[in-house]
Structures are given as structure tokens and as C-alpha cells.
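[1] Here is a sequence together with a model predicted from it:
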Amino acid sequence: MEFSPNLSLSQKQQLKLSPQLLQTFELMALPLTELQQKIKSEIESNPALELPSGGEVSYEQFAQQKQQREASRTEDTYSDSSSYGSDRGGYDYEASDRQQKFMENALSEEETLQEHLLSQLGCEQLEDAAYAVGEILITNMDANGFFLEDPQSLLTPSQLVHLEPVLHLIHQFDPPGVGAKDWRESLILQAQSKGLQKEDLQHFTALVQDNLELMRANKQSVVAKNLGIEIEDLEELYTFLKTLTPFPGQGFASGPEQMVIPDLSIKQEEGELVLRMNNASLPDLRINAEFASLAGELGNDEEAKKAQHYIQQQVKNANALIFQVQIRNQTLYKVAQVLLAEQHEFFLFGPQYIKPLTQKEVAQQIGVHETTISRISTAKWMDTDWGIFPIKKLFSNAVGEEGAELSKQAVKETIRQILEEHQGQKALSDQKISDILKGKGISVARRTVAKYRNELNIDPSFIRGTN
């Protein structure tokens, strides 16, 4: 049999993201405080960027004045949301005062947990795709080091292949126990990092997952029987558990530098709900025209060409950052508009009225991919009449029978309310809570009640007793 060489043409679709678009995605996921840090760093390193102050910025001067103006940092300052896409030339903002506030807010004496983890990620020899997954995972963690939502929902299908190895890598980072879904999984990860394995790890996992409430109720004999070990071994395991921390990121979240700065506000004003973006926390960046014009004033020798290339590159980088911040703000504003419309009753009456709403539904309304909604809502906060909430709390799946669905958040808030109303009486069991919910037209199984109660950090009935 003879083979002859053949030429063939084939077509395939392949999506390639530009570096600028990748940077836009990364910037979207940054919390406001970290975005401030990034902008501050860019202002200091790129002469093509300037703030609209009419004078040069001395960062050291702001640092020296920080203590004198500490009280002003905690003020909630919002500007009108209508500024997006409009001419702000006539808007008297007292630019120098705003500039000083921004630079003060960008100061950071302590490393955040995300910064600590990202610095470790940067030391690893990873391909770009795996590194991008690591950034997404880390920026989706809360201050405790726990995931704000299922990591799989944050990634595209092509990125999922990197999830397991990158997550395993993050589990090796300091502090031990980060990259978990909750404090129970964090304790298990910490035990593994300390060398616990095989049967000891199995017993420890069973203790943490299913028996801690019994230990707190002094039912050691029951727990020992459940685990199939001697009481002495159980006490040793429990002593080991006490050396671990259920919230590994807490050491990075202390001090005023870690206070939450809302990205936007939706509050009632004169009977109307008003959406305002927190524009005051970010500066109005612009290109330094004098610096940009230098490129046209240089000669044609080799040194001049190098200088021209440098100037043009800095202007290009500055324009890219300005564009990325604008896209970030515009996308966040569009998401907030949808939330205002879809979660109208929440803003009027409180958390019990949060409706089922998925990120996919919001993405369809504003015409972007679901992962864009995930990124833009990660580590973003909203100031409401009911307190400051993470924006992601307003995304919730439906719970209950068709036609009578409520959001998970609304059901949890109802459970909290039921338990508060019964304080001082005989503690309600999970089954009794399920029955009360059913009486309110909310069909939720006992196991689901137990899950939501644990998420609310409320003890089971035999621990609560009567108060």
C-alpha cells in the first residue's frame, strides 16, 4: 500500500485575548482598595499620567499629612452617577482636596491577604493561563481566605483544566488553610499541612465535619464511638485542633487600612431609591499633555528615537489604564442598575426580600459574559439603608417549590428572624424551623435548614438550650 502526501486546509475558531483585555478583566476583579493601590503605583511610575490638580503631586507630603486627616478617611463620599459618559468639565470638585483624599486612601502600611497570596503566586513558574486562574481564585477570596462562591463558576471551560493543580498550589501557600469553602474545610487543610494523614486525618475530618457540636456539648463518649477511637485519642485529636485557626486570613485583616469602602450606594432619598457611584475614592486620571508632546520635539538620532519610543509607550500605557478604569466603572454601574431594578424590594424592606437572581440573568440583561459579572462583583460592596453588603450577596439561587421560590439569602434571613423571635423560649430544632417555614409557604427540608443555620453561625438546638 502506498501513501502519497496531501495538503489540506482546515478552519477553526480560536479566541485570543489581547494583553489589554486581559488587564481589563484583572482590574475588574480588584477590590476598591487594591485598585487605589494600583492607580497610585501607576501615577508614581508613569510620567504620562496626571491628576487634575494643576500642580505636581508629592506622595511623601500626603503620607506626612495622613494622621492629621485620618478622620476624613472614614467619611462616606459619593458623587452623582450621571457623570459616566458625560462631560464633567463644569463639575467643581475641589480637585486638590479630592486628590489628597485619594492618595491618603491609597496608603497601606499592612499587606492584605490577597497581596500576600498574589506575591507568592508570582514566585511560581506558571504559564500565563494557569497564572490567570490563580489570580481569579485569590481575588475571589474574602478576608478569611474563603471562597466567596464556587471556584468553578468563576472560570471559563478552557480554564477549568487548571483549577485543580492551581488550587492545590494555593493550598501550599502561607497562611495554611486558605482557598477553602468554609472554616471546616480550612481546618482540614491546615491539618494536612501539618502532616496529618491516613486514619488520623480521616478521624480529624469526621470530628470537624460532623462532631464538633457534640464536643462542645461535652459528649466525648458519643464522639469517640462515632469515630471508632478511644476517648484518650479523641482528647489528643481535639487538643491538636485547638492549635489551628478556623479563620486563617484574620491576621491580615486588622486595622483601619482594611476597612470596607463601598463602591456604590443605593439608598432612599425623599421617598425615591437613588443610585450613586463612589467616584470620590478614585481620581480622574488624564494624560499629561506636556509630557506627551515631548515626543514630537526630539531629533532623529538614535537616542532621540529611544526617548520617543519611551514617551509613546508610557502614553499608550496611561491610555490603557484610563480605558480599563472607565470600563470597570461603567460595567459596575450597569450591574448596579440591574440590581436596583431586580432587587427593588430588598432596598426598600431589607434582606428578607432578596429575590432569586443569578449572574447569568444579569449578564444577559447588560450583554456581557457571565464571568464578567463574576469579576465585576467580586470583593465589591454596596451601601444601603440596611447596612453595607457585598454585591454578590444579591445574587442568589431559588429555594422552594416552583411558583413559590425565594432566594437562598431570603430564606436564611427568615430563619434568623424566626430564631430571634423565639429567644428566651425552648430552642427550636431544625425540623421545627422547617415546619414553621412551611407554614409561611416556604418549603425547605430539615437538612437545608441545618446547612443555612450553620452558614449563619448559629448553634444547633441542643447547644442553644433555653436562654
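    Received the coordinates, thanks.
[2] looking just at contacts, which helices and strands does the helix or strand containing Gln268 meet?
    Assessed by DSSP states H and E, Gln268 sits inside strand 264-269. Identification of packing neighbours for strand 264-269 by 3 or more C-beta pairs under 8 Å, 6 or more residues apart in numbering; DSSP states H and E yields strand 272-277, helix 302-342, helix 344-349, strand 381-384. All C-beta atoms are positioned from the backbone trio N, CA, C, and that covers glycine.
[3] Pull out the buried residues from it.
    By 16 or more other C-beta atoms under 10 Å, the buried positions in strand 264-269 come out as 264-267.
[4] quick revisit: figure out which of the helices and strands packed on strand 264-269 is closest to Pro283.
    The closest of the helices and strands packed on strand 264-269 to Pro283 is helix 302-342. By C-beta to C-beta, the value is 9.4 Å.
[5] Surely Pro246 touches Trp183?
    Yes. Counting by C-beta atoms under 8 Å, Pro246 touches Trp183, with 3.8 Å between them.
[6] more crowded one of these two?
    Trp183 (20 against 16; other C-beta atoms under 10 Å).
[7] which residues touch that one?
    By C-beta atoms under 8 Å, 6 or more residues apart in numbering, the contact list for Trp183 reads 144, 146, 246-247.
[8] Give me the buried entries from the residues you listed.
    144, 146, 246-247.
[9] out of those, what pair is the most spread apart?
    Using C-beta to C-beta, those span at most 10.1 Å, a distance reached by Phe146 and Pro246.
[10] Overlap of the contact sets of those two?
    Counting by C-beta under 8 Å, 6+ apart, the residues touching both Phe146 and Pro246 are 183, 186.
[11] Just give the closest residue to Ile433, not the sequence neighbours.
    Nearest residue to Ile433, sequence neighbours excluded (C-beta to C-beta, 6 or more residues apart in numbering): Val449, at 4.9 Å.
[12] Tell me how many other residues crowd the one you found.
    Each residue near Val449 was counted by other C-beta under 10 Å, and the total is 24.
[13] any idea which element it lies in?
    Assigned by DSSP H and E, Val449 falls in helix 446-455.
[14] okay, and for the stretch 301-450 of the chain, where does confidence drop off?
    397-406 (pLDDT under 70).
[15] Which residue ranges of the chain form strands?
    All strands of the chain, identified by DSSP state E, fall at 49-50, 79-80, 264-269, 272-277, 286-287, 381-384, 387-390, 398-399, 406-407.
[16] Identify whichever of those strands lies nearest to Met215.
    Closest among these, once you apply C-beta to C-beta, is strand 398-399, at 30.4 Å.
[17] shaky segments in the stretch 1-150 of the chain?
    Using pLDDT under 70, the flagged stretches of the stretch 1-150 of the chain are 1-22, 53-110.
[18] possible to save the strands of the chain as JSON lines with distance to Tyr238?
    Below are the strands of the chain laid out as JSON lines (distance: least, C-beta to C-beta, whole Å):
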{"stretch": "strand 49-50", "distance to Tyr238": "56"}
{"stretch": "strand 79-80", "distance to Tyr238": "54"}
{"stretch": "strand 264-269", "distance to Tyr238": "45"}
{"stretch": "strand 272-277", "distance to Tyr238": "50"}
{"stretch": "strand 286-287", "distance to Tyr238": "60"}
{"stretch": "strand 381-384", "distance to Tyr238": "37"}
{"stretch": "strand 387-390", "distance to Tyr238": "33"}
{"stretch": "strand 398-399", "distance to Tyr238": "35"}
{"stretch": "strand 406-407", "distance to Tyr238": "37"}
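[19] Deepest in the core, which of these is it.
    strand 406-407 (a mean of 26; mean count of other C-beta atoms under 10 Å).
[20] ok, back up a step: of all the strands of the chain, which one is nearest Glu421?
    Counting by C-beta to C-beta, Glu421 lies closest to strand 406-407 out of those; the figure is 18.1 Å.
[21] that older thread, what separation do you get for the residue nearest to Ile433 and Lys412?
    10 Å (C-beta to C-beta, to the nearest Å).
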